[in-house]
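how would this look folded up:
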Amino acid sequence: MSVESYESVVIGAGQAGLSASYHLSRLGVRHVVLDSERRPGGAWQHRWDSLTMHDVHGVADLPDGRAPGESGERANVAVPGWFGLYESQHRLPVERPVKVTSVTSVGDLLAVHSADGRTWFTRTLINATGTWTRPFIPHYPGAETFLGEQVHTHDYPGASHFRGARVAVVGGGASAVQFLGELAPLTDVLWVTRREPVWRTDFDVERGREAVALVAERVEAGLPPASVVSVTGLALRPQEQEAARLGVYERRLPMFTRIEPDGLRWDSGAFERVDAILWATGFRPAITHLAPLHLRSSHGGIPLLRGSADVQTAVTAAYDSRVQLVGYGPSASTIGASRAGRAAALAVRRQLGHPQTVEPQSAPRSAESQFSGVSRIVTSGG
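So this is what the prediction gives:
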């Protein structure tokens, strides 16, 4: 069994993990980044092929690394390529593939255990595992009897796969809107959501602040993070305008209550026959490996400490200051994750008691750019 020791271990090499590693390196913190993927790219390498850099409304820059711009290039090619180049240019200490199974406390140290029997001892931990590996599908009676196909955003095979089938798209986020726009020209679609969607014509800075603040309040109270799409609202991309004209975005009210072998049943007795159910119902934080540390509150979430007025830099676990969570709760966006990486690195330095070296700096941003990433929480996360 291999045992290694570090001042900090970062779990995950997505946007948040790369930002944290960059800043740890700048601060002289000896660390390693453990990534479960076989190649760079984080969750982006698994996005569906039809998702382009236009669709994700851009991706926030990494520190000292400009993101790919909006284009017709596939997001699952552009972003992984950028991540790989970033890792190489900044010589970030990424090890892969490493599947972390648990983190335990051993005296003053934390022990990070992997599926292949390796252990890394560390004085601090930065968790940057995101949500992609934990797709969420709500339970409905009769789901196991459905004779058609059930697919989650995580495994979306592309619109052509459903050609000629009647598809129920379930979910109220940006991914559901994108799927409906792609499917409408090819097949019959039915949209079902729990709540009435909120549409917007442009992003509003105040809405962004409100959305981040709501998420932060929940996390600080120890509640699980919730979707902010009801605050930020949904927008139609140009390629979805035709689908809107056809009435695709008129949702079925209210939510169905049962799934039958050939369709969906409502309390009223109404029935809709469908051949496939596409669950665009989001993801949950991938944090089960942290369970031995008992970081959760009685409400089910991991409460975080807010060290400043900037809620997107709330990263320190309230029940164990050795642990920082980035890309969780208020930092669960591309901009939030990058900024939280810096906050986590600074928190690690304080925990280690390192001399007060020059802090890593981030380029100044306007209020609009600080909060524009909020609208990407659902777009990039399903």
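
looks to me like residue 348 is in a helix.
Yes - per DSSP: H, G, I helix; E, B strand; the rest coil, residue 348 lies within a helix segment.

residue contacts, residue 285?
Residues near residue 285 by CB atoms under 8 Å, 6 or more residues apart in numbering: 129, 130, 131, 134, 224, 225, 328. Where C-beta positions appear, they are placed from N, C-alpha and C, glycine not excepted.

give me the distance between it and residue 331.
From residue 285 over to residue 331 the distance is 11 Å, taken as CB to CB, to the nearest Å.

next: residue 140.
As judged by CB to CB, residue 140 and residue 331 stand 32 Å apart.

and the two? Which one has more around it.
Using other CB atoms under 10 Å, the more surrounded residue of residue 140 and residue 331 is residue 331, with 35 against 17.

in the stretch 151-300 of the chain, which spans are strands?
With DSSP state E, counting those that start in this stretch, the ranges of strands along the stretch 151-300 of the chain come out as 166-170, 188-192, 258-260, 263-265, 271-273, 276-279.

can you redo those as TSV with mean pLDDT and mean neighbour count?
Formatted as TSV, the strands of the stretch 151-300 of the chain follow (pLDDT from 0 to 100; neighbours: other CB atoms under 10 Å):
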stretch	mean pLDDT	mean neighbour count
strand 166-170	97	23
strand 188-192	94	21
strand 258-260	98	18
strand 263-265	98	20
strand 271-273	97	14
strand 276-279	98	23
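
for the ones you listed, which one sits closest to residue 77?
strand 276-279 (23.3 Å; CB to CB).

mind exporting the closest one as CSV, just the C-alpha atoms?
Provided in CSV are the C-alpha atoms of strand 276-279 (Å, rounded to 0.1, in the frame of the first residue of the first chain):
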residue,chain,number,x,y,z
ALA,A,276,-39.2,8.1,-23.6
ILE,A,277,-38.6,10.2,-20.5
LEU,A,278,-35.7,12.6,-20.5
TRP,A,279,-34.9,13.5,-16.9
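
immediately after it, which helix or strand?
For strand 276-279, the succeeding helix or strand toward the C-terminus, using DSSP states H and E, is strand 304-305.

packing partners for the helix or strand following that following strand?
As assigned by DSSP H and E, the chain's next helix or strand after strand 304-305 is strand 316-317. With contacts taken as 3 or more CB pairs under 8 Å, 6 or more residues apart in numbering; DSSP states H and E, strand 316-317 sits against strand 304-305, strand 323-325.

ok, residue 158 touching residue 74?
No - between residue 158 and residue 74 there is no contact under CB atoms under 8 Å: 11.6 Å.

where does the chain dip in pLDDT?
For the chain, the stretches flagged by pLDDT under 70 are 1-3, 57-58, 198-220, 226-243, 246, 307-312, 332-335, 355-382.

domain-wise, how is it divided?
3-133+283-381, 145-279 (automatic domain parsing).

span of the shortest one from start to end?
Distance across domain 145-279, first residue to last, is 16 Å (CA to CA, to the nearest Å).

let me see the contact set for the closest residue to residue 71 other than its chain neighbours.
Closest residue to residue 71 apart from its sequence neighbours, by CB to CB, 6 or more residues apart in numbering: residue 53 at 4.7 Å. Under the criterion of CB under 8 Å, 6+ apart, the neighbours of residue 53 are 59, 68, 69, 70, 71, 72, 73, 74, 75, 78.

10 Å instead?
If you count contacts by CB atoms under 10 Å, 6 or more residues apart in numbering, residue 53 has them with 59, 67-75, 77-79.

please tell me how far it sits from residue 77.
Relative to residue 77, and taking CB to CB, residue 53 is found at 9 Å.

and what of residue 325?
According to CB to CB, residue 325 and residue 77 sit 29 Å apart.

and those two? which has more neighbours close in?
Higher neighbour count among residue 325 and residue 77: residue 325, with 27 against 17, using other CB under 10 Å.

I appreciate the help and will end here.
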